[in-house]
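Peer 1: 3D model of this:
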Amino acid sequence: MKIFAETERLILRELLPQDAVGMFEMDGDPEVHLFLGNKPVQSIEQSKTDIEFIRNQYIENGIGRWAVIEKSTGNFTGWAGLKLIKETNNNHSNYYDLGYRFSKRFWGKGYATEAAAAARDYGFNELRLSEIIGIADISNLGSIHVLEKTGLKRISIFDYHGKQHHWMKIEKQA
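Peer 2: The predicted model follows:
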């Protein structure tokens, strides 16, 4: 099991097949999927498939979202990290997207900001990226707040799967 980053309260490690129960708790919740197309997963089998998809990204792209584990309890809280986006969005392709998703019972604890900052630092320090992108539904004020606290700035608004989203960016400081 590879650990990519640690914070005061969290371990960010590779997603593993045994994370399927936590993934299903998170992705089966309609509130978690409110700004993600309103399509919560319907079975733990889908969560297992999603984990395998992400694990393949580690191999193909050298990066993918990570499991976020609460140090004090060992609980799977959600995922966070960077993802290489190859398709074109907002006239950009082959960019690194900073993302996060947490089970509702872990909302409001600052975990998203803590994990996003660790992923940002990993991207700049380990992957030597020059910039990191964030995309957030314009109505998802919580996610926009996390990205801004992590240092990303609103650049433009664009259509993403039929909904207006902020295109946000942070560049590595020289």
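
Peer 1: Which strands and helices lie in contact with the host helix or strand of residue 132?
Peer 2: Assessed by DSSP states H and E, residue 132 sits inside strand 131-137. In terms of contacts (3 or more CB pairs under 8 Å, 6 or more residues apart in numbering; DSSP states H and E), strand 131-137 is packed against strand 95-102, helix 111-125, helix 141-149, strand 163-171. C-betas here are computed from N, CA, C, even on glycine.

Peer 1: Output the top helix by length along the chain as CSV, nothing but the C-alphas.
Peer 2: When the chain is parsed with DSSP state H, its longest helix is helix 44-61. Provided in CSV are the C-alpha atoms of helix 44-61 (Å, rounded to 0.1, in the frame of the first residue of the first chain):
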residue,chain,number,x,y,z
ILE,A,44,-21.3,-1.9,-4.0
GLU,A,45,-20.3,-3.6,-7.3
GLN,A,46,-20.2,-0.2,-8.9
SER,A,47,-18.0,1.1,-6.2
LYS,A,48,-15.6,-1.9,-6.7
THR,A,49,-15.6,-1.1,-10.5
ASP,A,50,-14.9,2.6,-9.7
ILE,A,51,-11.9,1.7,-7.5
GLU,A,52,-10.5,-0.6,-10.2
PHE,A,53,-10.9,2.3,-12.7
ILE,A,54,-8.9,4.6,-10.5
ARG,A,55,-6.3,2.0,-9.8
ASN,A,56,-5.8,1.7,-13.5
GLN,A,57,-5.2,5.5,-13.7
TYR,A,58,-2.3,5.0,-11.3
ILE,A,59,-0.7,2.7,-13.9
GLU,A,60,-1.7,4.6,-17.1
ASN,A,61,-1.2,8.1,-15.9
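
Peer 1: so it versus strand 95-102, what angle?
Peer 2: If you take axes from the mean of the first three to the mean of the last three CA atoms, to 10 degrees, helix 44-61 sits at 150 degrees to strand 95-102.

Peer 1: quick check, distance from helix 44-61 to the centre of its chain.
Peer 2: 14 Å (CA atoms, centre = their mean, to the nearest Å).

Peer 1: circling back: which residues sit against the strand holding residue 132?
Peer 2: 35, 82, 85, 89, 92, 95-99, 120, 123-124, 143-144, 147, 150, 152, 160, 163-172 (CB atoms under 8 Å, 6 or more residues apart in numbering).

Peer 1: hey, what's residue 95 bridged with?
Peer 2: When assigned by DSSP bridges, residue 95 has beta-bridge partners residue 85.

Peer 1: before we move on, the earlier item: kindly reformat the helices and strands packed on strand 131-137 as a markdown table containing distance to residue 4.
Peer 2: Shown next, in a markdown table, are the helices and strands packed on strand 131-137 (distance: least, CB to CB, whole Å):
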| stretch | distance to residue 4 |
| --- | --- |
| strand 95-102 | 14 |
| helix 111-125 | 6 |
| helix 141-149 | 19 |
| strand 163-171 | 19 |
